[in-house]
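Asker: quick check, what structure comes out for this input:
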Amino acid sequence: MGSSAKSNTFVRFVIVSGALYLILYLIYQFVVKKYTFYDQKFIGLIIESAEFILKKSGYSTFKVLQDRDFQVVGIDGSNGVWVGSNCNAITLFALFAVFIVAYPGSQKNKIWYVPLGIFLIHFVNVLRVVCLALIANYNPYYLDFNHTYTFTFIVYAFIFVLWSIWINKFASKVETKSNEIN
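Answerer: Sure, this is the predicted structure:
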């Protein structure tokens, strides 16, 4: 990196976050997905959590096994929703973590903020599956649109809000101190 890139916070952020995300993406695609069962375990956790919420809300539910793991959750009488590896939010966890790690801020705050953010993103993702199961039950015609657009926007907007909180509450304090020294 040139000296101007090192001093420009935005350029540094773009370069560091891009490199970190690329590394994590490659590890996910060529190691985690290929040689581990983390995808399936996360999908199972999402399905179990969504089913728990639906049952606590008074719905009778079902799950469907596929390749020895649960892949579908739904309300009895509906087709349910299929939860695939693109729905488990692991790549969103990485995106969020990379944004926080790459942006200036206290390492001490990053240690607690990244896991908290990942937990909250997971919770929003479970709620997304619950809502999609409800849509599949009451009006399956709207399922594809809401899956593709509405909930994609909601989850990415939520990640943006978490990142904005980081920038405004935690990162700005570090930048202010460094600007006062110069």
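
Asker: and the helices in the protein?
Answerer: 3-7, 9-27, 33-35, 38-56, 90-102, 107-138, 143-145, 151-165, 172-181 (DSSP state H).

Asker: Asn146 versus Phe93, what's the distance?
Answerer: From Phe93 across to Asn146, the span is 22 Å (C-beta to C-beta, to the nearest Å). No exception for glycine: its C-beta is placed from N, CA and C like everyone else's.

Asker: what's the per-residue pLDDT of Gln71 here?
Answerer: Gln71 carries a pLDDT value of 89.

Asker: over to the one 4 residues further on?
Answerer: Predicted confidence (pLDDT) at Ile75: the value is 97.

Asker: now for it: which residues touch it?
Answerer: Ile75 makes contact with 54, 59-62, 133-134, 136-137, according to C-beta atoms under 8 Å, 6 or more residues apart in numbering.

Asker: is it in a bridge, and if so with what?
Answerer: Counting by DSSP bridges, Ile75 is bridged to Thr61.

Asker: one step back: can you list the helices of the chain in JSON lines and add mean pLDDT, mean neighbour count and distance to Ile75?
Answerer: Output for the helices of the chain, formatted as JSON lines (pLDDT from 0 to 100; neighbours: other C-beta atoms under 10 Å; distance: least, C-beta to C-beta, whole Å):
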{"stretch": "helix 3-7", "mean pLDDT": "58", "mean neighbour count": "10", "distance to Ile75": "53"}
{"stretch": "helix 9-27", "mean pLDDT": "88", "mean neighbour count": "14", "distance to Ile75": "34"}
{"stretch": "helix 33-35", "mean pLDDT": "79", "mean neighbour count": "10", "distance to Ile75": "30"}
{"stretch": "helix 38-56", "mean pLDDT": "92", "mean neighbour count": "17", "distance to Ile75": "6"}
{"stretch": "helix 90-102", "mean pLDDT": "92", "mean neighbour count": "19", "distance to Ile75": "25"}
{"stretch": "helix 107-138", "mean pLDDT": "97", "mean neighbour count": "17", "distance to Ile75": "4"}
{"stretch": "helix 143-145", "mean pLDDT": "96", "mean neighbour count": "13", "distance to Ile75": "12"}
{"stretch": "helix 151-165", "mean pLDDT": "95", "mean neighbour count": "15", "distance to Ile75": "17"}
{"stretch": "helix 172-181", "mean pLDDT": "47", "mean neighbour count": "10", "distance to Ile75": "45"}
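
Asker: please name whichever of the ones you listed is nearest to Val83.
Answerer: helix 38-56 (5.1 Å; C-beta to C-beta).

Asker: residues touching the closest one, excluding its own?
Answerer: In contact with helix 38-56 (C-beta under 8 Å, 6+ apart) are residues 32-33, 61, 63, 67, 69-73, 75, 83-85, 87-90, 122, 125-127, 129-130, 133-134.

Asker: many thanks, have a good one.
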